[in-house]
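Visitor: no FASTA, just this:
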């Protein structure tokens with residue numbers, strides 16, 4: 001049995017807590033919001049995020065960050081924009097074990113990956129990125145899922161693998177944390193693009209092309225930033241991309257559908273809630289400029305989301321680019 005603390009009481013944090021609890025681990029979910037902790041303690045469910053899913057009585061809840069003390073692993077399960085602030089709070093504690101980041105994004109100001117932020121804020125920390133095709137709604141219900149624990153420290157990744165693997169959650173290891181993190185962040189942008197196609201009423205051909213060419217852009221940027229190209233053909237690349245572009249659970253895809261159907265970007269954000277791909281689009285666009293590479297889909301997503309470009313014009317511009325070899 002291992003002590004695990006989950007920082008963040010959202011759907012993904014709750015799902016991982018439920019999964020790990022099933023193996024007899026000592027689980028605590030932390031939230032900085034006292035009211036959220038109170039409601040979860042009383043109702044043991046969040047009908048908005050995980051309808052019908054009940055938190056086991058064994059899972060404890062707290063809004064005191066000191067609950068991380070003596071954890072074997074501490075899971076960061078907050079929106080990407082909150083990772084740095086949570087890391088600063090965590091840095092004031094002493095023994096919190098291996099830090100496992102399950103958020104997916106790139107910091108807008110610094111253009112840093114989330115593990116880089118954690119390494120910057122925490123001393124001598126081993127960071128593991130847990131990523132892959134894993135909607136919280138399914139993991140929480142015990143639907144078979146496979147993910148990847150990626151880290152520069154293979155022993156740390158293996159510890160996370162041993163603790164988190166269950167009969168319904170299969171965990172692989174990887175030494176390519178750069179590729180795993182970028183796959184998790186960039187696929188959200190392509191999911192928005194795929195959703196825009198649906199909102200425009202386009203067909204399967206268009207969506208398949210968007211996913212496939214989007215994967216090429218993801219790998220192109222990833223290799224420039226030090227990732228292994230083969231990582232993008234795995235669970236944290238094409239696996240996560242497929243599920244996020246096609247699932248009814250995908251907030252990024254739903255957001256894209258609203259934008260494609262003519263909804264104002266800000267209104268669509270308010271309707272859907274946290275849309276990681278919206279923030280990642282800004283960062284990826286800036287990274288493409290930094291590394292001087294062409295990323296047409298991401299460039300058009302940026303123009304739509306941040307420059308108010310017409311979605312139909314973006315589609316025309318993508319289709320009318322000069323012809324070239326596929327590879």
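Guide: Perfect, I can see it now. Everything numeric here is computed off the predicted structure, so don't read it as measured data. Numbers count the residues shown, from 1 in each chain.

Visitor: alpha carbons only for contacts and neighbour counts from here, please
Guide: Fine.

Visitor: Read off the pLDDT value for residue 102.
Guide: pLDDT, the model's per-residue confidence, is 98 for residue 102.

Visitor: which residues sit in contact with it?
Guide: The neighbourhood of residue 102, defined by Cα atoms under 8 Å, 6 or more residues apart in numbering, consists of 75, 76, 77, 129, 130, 131.

Visitor: Repeat the analysis, applying 10 Å as the threshold.
Guide: 12-13, 16, 75-80, 114, 128-132, 149, 181, 184 (Cα atoms under 10 Å, 6 or more residues apart in numbering).

Visitor: pLDDT of the longest helix anywhere in the chain, averaged?
Guide: Counting residues, the longest helix in the chain under DSSP state H turns out to be helix 177-199. With pLDDT averaged residue by residue, helix 177-199 scores 98.

Visitor: next one: it to chain centre, how far?
Guide: When distances are taken as Cα atoms, centre = their mean, to the nearest Å, helix 177-199 is centred 9 Å away from the chain's centroid.

Visitor: just stretch 56-72 next, same as before
Guide: With Cα atoms, centre = their mean, you get 23 Å for stretch 56-72.

Visitor: got the end-to-end distance for it?
Guide: End-to-end distance of stretch 56-72 (Cα to Cα, to the nearest Å): 20 Å.

Visitor: And the strands in the stretch 151-300 of the chain, which stretches?
Guide: With DSSP state E, counting those that start in this stretch, the ranges of strands along the stretch 151-300 of the chain come out as 169-174.

Visitor: Helices of that one, residue ranges please.
Guide: 154-164, 177-199, 204-224, 240-246, 251-260, 265-272, 276-291, 296-307 (DSSP state H, counting those that start in this stretch).

Visitor: Quick one: those helices as a markdown table, columns for distance to residue 1 and mean neighbour count too.
Guide: Formatted as a markdown table, the helices of the stretch 151-300 of the chain follow (distance: least, Cα to Cα, whole Å; neighbours: other Cα atoms under 10 Å):
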| stretch | distance to residue 1 | mean neighbour count |
| --- | --- | --- |
| helix 154-164 | 8 | 19 |
| helix 177-199 | 27 | 29 |
| helix 204-224 | 37 | 18 |
| helix 240-246 | 30 | 24 |
| helix 251-260 | 34 | 27 |
| helix 265-272 | 37 | 15 |
| helix 276-291 | 33 | 21 |
| helix 296-307 | 44 | 20 |
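
Visitor: export the ones you listed to a markdown table and tack on distance to residue 324?
Guide: A markdown table is the format used below for the helices of the stretch 151-300 of the chain (distance: least, Cα to Cα, whole Å):
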| stretch | distance to residue 324 |
| --- | --- |
| helix 154-164 | 40 |
| helix 177-199 | 21 |
| helix 204-224 | 13 |
| helix 240-246 | 24 |
| helix 251-260 | 27 |
| helix 265-272 | 32 |
| helix 276-291 | 19 |
| helix 296-307 | 13 |
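
Visitor: quick one: residue 127 and residue 121, what's the gap?
Guide: In this view, residue 127 and residue 121 are 12 Å apart by Cα to Cα.

Visitor: joint contacts of the two?
Guide: Common contact partners of residue 127 and residue 121 (Cα under 10 Å, 6+ apart): residue 115.

Visitor: returning to that earlier point: between the longest helix of the chain and helix 276-291, how many degrees?
Guide: Orientation check (axes from the mean of the first three to the mean of the last three Cα atoms, to 10 degrees): helix 177-199 against helix 276-291 gives 120 degrees.

Visitor: check contacts around the most centrally placed residue in the chain.
Guide: Ranked by distance to the mean C-alpha position of the chain (Cα atoms, centre = their mean), the top residue is residue 104 at 2.9 Å. By Cα under 10 Å, 6+ apart, the residues touching residue 104 are 77-81, 83, 113-114, 129-131, 180-188, 276-277, 280.

Visitor: go again using 6 Å as the cut-off
Guide: Residues near residue 104 by Cα atoms under 6 Å, 6 or more residues apart in numbering: 184, 185.

Visitor: Find the nearest non-adjacent residue to residue 300, please.
Guide: The shortest distance from residue 300 to any non-neighbouring residue, by Cα to Cα, 6 or more residues apart in numbering, is to residue 314 (5.9 Å).

Visitor: Contacts for the helix or strand that neighbour falls within next, please.
Guide: Using DSSP states H and E, residue 314 falls within helix 311-319. Helix 311-319 is contacted by residues residue 300 when judged by Cα under 6 Å, 6+ apart.

Visitor: run the last query once more with 7 Å
Guide: With contact meaning Cα atoms under 7 Å, 6 or more residues apart in numbering, helix 311-319 is reached by 260, 296, 300, 304.

Visitor: ok, the nearest residue to residue 196 once chain neighbours are set aside - contacts?
Guide: Nearest residue to residue 196, sequence neighbours excluded (Cα to Cα, 6+ apart): residue 260, at 4.0 Å. Residues in contact with residue 260 (Cα under 7 Å, 6+ apart) are 196, 197, 199, 200, 311.

Visitor: SS state for the residue nearest to the centre of the chain?
Guide: The local conformation at residue 104, judged by DSSP: H, G, I helix; E, B strand; the rest coil, is coil.
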